[in-house]
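Colleague: Test case, fold it:
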Amino acid sequence: QAELQALESGSVVIASEKKHLQEDKAQLQDELRALQASYAEQGTRYAELEARTSAEQKSLDEKIELLKKNREQLSGEFENLANRIFDEKAQKFERNSKQSLESTLSPLKQQL
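Modeller: Predicted structure coming up:
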């Protein structure tokens, strides 16, 4: 009879431990499901951020390329404008020099 009581007592302990283990298992399964859901959500978010970053990088690259082209165009236009201004100034200087020389030499021509 003592042996039977010991077995029954052991059975109660085992049943209690089994219940605790089942509760722990259920809790761990819930945590696992939550972590899996979070992982999936983070994976989706990562993919969205990666796509957005890629699109923004492409847009920035296009803007940089456009700025480079605009810079080259403006540089060319500035060079053309500078050359035109230089040519106009040179022509004006030549006219003024010619007029000044003529006005200086004109009295000498008349005297000769």
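Colleague: Relative to residue 90, how far out is residue 104?
Modeller: 21 Å (Cβ to Cβ, to the nearest Å). Backbone N, C-alpha and C define where each C-beta goes, glycine included.
Colleague: Quick check, central residue of the chain?
Modeller: Taking Cα atoms, centre = their mean, the centroid of the chain lies closest to residue 57, which sits 4.4 Å from it.
Colleague: That one: which element?
Modeller: helix 2-111 (DSSP states H and E).
Colleague: Could you give the separation of that helix from the chain centroid?
Modeller: With Cα atoms, centre = their mean, to the nearest Å as the basis, helix 2-111 stands 0 Å off its chain's centre.
Colleague: and the residue nearest to the centre of the chain, what does it touch?
Modeller: Contacts for residue 57 (Cβ atoms under 8 Å, 6 or more residues apart in numbering) come out as none.
Colleague: Give me the pLDDT for it.
Modeller: pLDDT for residue 57: 99.
Colleague: That one and residue 88: what is the separation?
Modeller: 46 Å.
Colleague: Over to residue 72?
Modeller: For residue 72, the distance to residue 88 - Cβ to Cβ - is 25 Å.
Colleague: same deal with residue 55?
Modeller: 49 Å.
Colleague: ok, now residue 28?
Modeller: 87 Å.
Colleague: swap in residue 2?
Modeller: Residue 2 sits 125 Å away from residue 88, going by Cβ to Cβ.
Colleague: The two: who's more crowded?
Modeller: Between residue 2 and residue 88, counted using other Cβ atoms under 10 Å, the more crowded position is residue 88 (10 against 6).
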